[in-house]
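**Q** What follows is a predicted structure for the sequence shown.
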Amino acid sequence: MRPLFLKYDKYLECRLCPHLCKIREGKTGICGVRKNSGERIDLLTYGVISGYSLDPIEKKPLYHFFPGHKILSVGSYGCNMRCDFCQNWHISQKTMDKFMANTSTDKILEDAVTSYGNIGLAFTYNEPVIWFEYMRDVAVAIKEKGMATAMISNGFVNSYPLSEIITFIDAFNIDLKAFNPDFYKRFTGADIEPVKKTLKTIAVSGKHLEITTLIIPGRNDDQAEMEEEAKWIAGELGDETPLHLSRYYPTYKSKNPPTTQSTLQILSDTARKHLKNVYLGNTSSSTGQQTFCTGCGSVITHRSGYSTRLINIDNEGKCTKCGTLAYRYFIFPLTDR
């Protein structure tokens, strides 16, 4: 693949994400982990892991990709956005001159293969795009073992790197943080248009796609905005694209009050006018977590927290009531066989 930077007299321009950081020698870009080492941009966090866990795949959240299974999940440090409401700010906004420790590809591969009930590897916790080289090397090795890969991302990435990522990632959950440009500029330090382009590119590629929007009171909880978001998703990505509306809690620099359950329900009802699979997340209630057959309306998956029970579904992921295909990516979990 071609280099992810352009060389100029006084700096290197990083081409990984739309910030196009112009980095002088010895300095890093906005993400804090990609450094101009003179002749190239080096990834300071290659092999550096902040979080490592065998998680329910619903935690990502991915509800329509091998539901009921577990997936080994890894993350590092840094992000190319500056969200003042970041739920993982302690790792995404962490920068330092030197990162310690290194986890080899072989170690990740061994754990992925030997972890009971694991279907593959998810890159998550912080922003995986800025971890590109390590993510690529590990994901390719994982796929060679016949296992699945997933990426949980803000979607703020340029077209060429994304085209490479799509070759080694099977499933995506992309944060669509709001559906207005002003929100992105004021609260993330980024731009919405590249994110929308990412979503359309993934949808066209045929890879699995789900979307999460964190609902923040007073910022992106307007019904009209949610209506526009849902209509755009249905029209551009398909009306069966799963949308997760997640409850916000005050953290990092944001002091807005927590999202109420009633607000989530109102916005969910609004989104359901256009989308067939809308879910509520980060709540203590199981309301809004079930999957219904899009053909006959029967419940096919019951969820409570990260506990998943599959019902009315056959070995091919089809509804036993009407035969409608519910899940393209499906194998019964070991506990359900």
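**A** Done, it's in.
**Q** where along the stretch 1-150 of the chain do the strands fall?
**A** With DSSP state E, counting those that start in this stretch as the criterion, the stretch 1-150 of the chain has strands at 5-7, 12-14, 22-23, 34-36, 41-43, 51-56, 70-75, 118-123, 148-153.
**Q** can you list those strands in TSV and add mean pLDDT?
**A** Shown next, in TSV, are these (pLDDT from 0 to 100):
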stretch	mean pLDDT
strand 5-7	96
strand 12-14	98
strand 22-23	98
strand 34-36	96
strand 41-43	96
strand 51-56	93
strand 70-75	97
strand 118-123	98
strand 148-153	98
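**Q** I'd like those written out as TSV, with mean neighbour count and distance to residue 322 added.
**A** Every residue, glycine included, has its C-beta placed from N, CA and C. Below are those laid out as TSV (neighbours: other C-beta atoms under 10 Å; distance: least, C-beta to C-beta, whole Å):
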stretch	mean neighbour count	distance to residue 322
strand 5-7	15	52
strand 12-14	23	50
strand 22-23	17	56
strand 34-36	24	50
strand 41-43	20	49
strand 51-56	16	28
strand 70-75	24	29
strand 118-123	24	27
strand 148-153	25	28
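**Q** Can you add distance to residue 161 and give those strands back as JSON lines?
**A** Output for the strands of the stretch 1-150 of the chain, formatted as JSON lines (distance: least, C-beta to C-beta, whole Å):
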{"stretch": "strand 5-7", "distance to residue 161": "11"}
{"stretch": "strand 12-14", "distance to residue 161": "10"}
{"stretch": "strand 22-23", "distance to residue 161": "16"}
{"stretch": "strand 34-36", "distance to residue 161": "12"}
{"stretch": "strand 41-43", "distance to residue 161": "12"}
{"stretch": "strand 51-56", "distance to residue 161": "23"}
{"stretch": "strand 70-75", "distance to residue 161": "18"}
{"stretch": "strand 118-123", "distance to residue 161": "14"}
{"stretch": "strand 148-153", "distance to residue 161": "11"}
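**Q** Return the per-residue confidence for residue 286.
**A** Residue 286 carries a pLDDT value of 76.
**Q** Let me see the contact set for it.
**A** 302, 303, 304, 305 (C-beta atoms under 8 Å, 6 or more residues apart in numbering).
**Q** tell me the mean pLDDT for stretch 225-233?
**A** Rounded mean pLDDT across stretch 225-233 is 98.
**Q** Please shift the residue numbers so they start at 395 in all later answers.
**A** Got it, the first residue is 395 from now on, which makes the last one we talked about stretch 619-627.
**Q** Pull the distance from that stretch to the chain's centre.
**A** 19 Å (C-alpha atoms, centre = their mean, to the nearest Å).
**Q** Show me which positions of it end up buried.
**A** 619, 620, 621, 623, 624, 625, 626, 627 (16 or more other C-beta atoms under 10 Å).
**Q** tell me which of the residues you listed is nearest to residue 511?
**A** Set against residue 511, the nearest of the buried residues of stretch 619-627 by C-beta to C-beta is residue 627 (31.5 Å).
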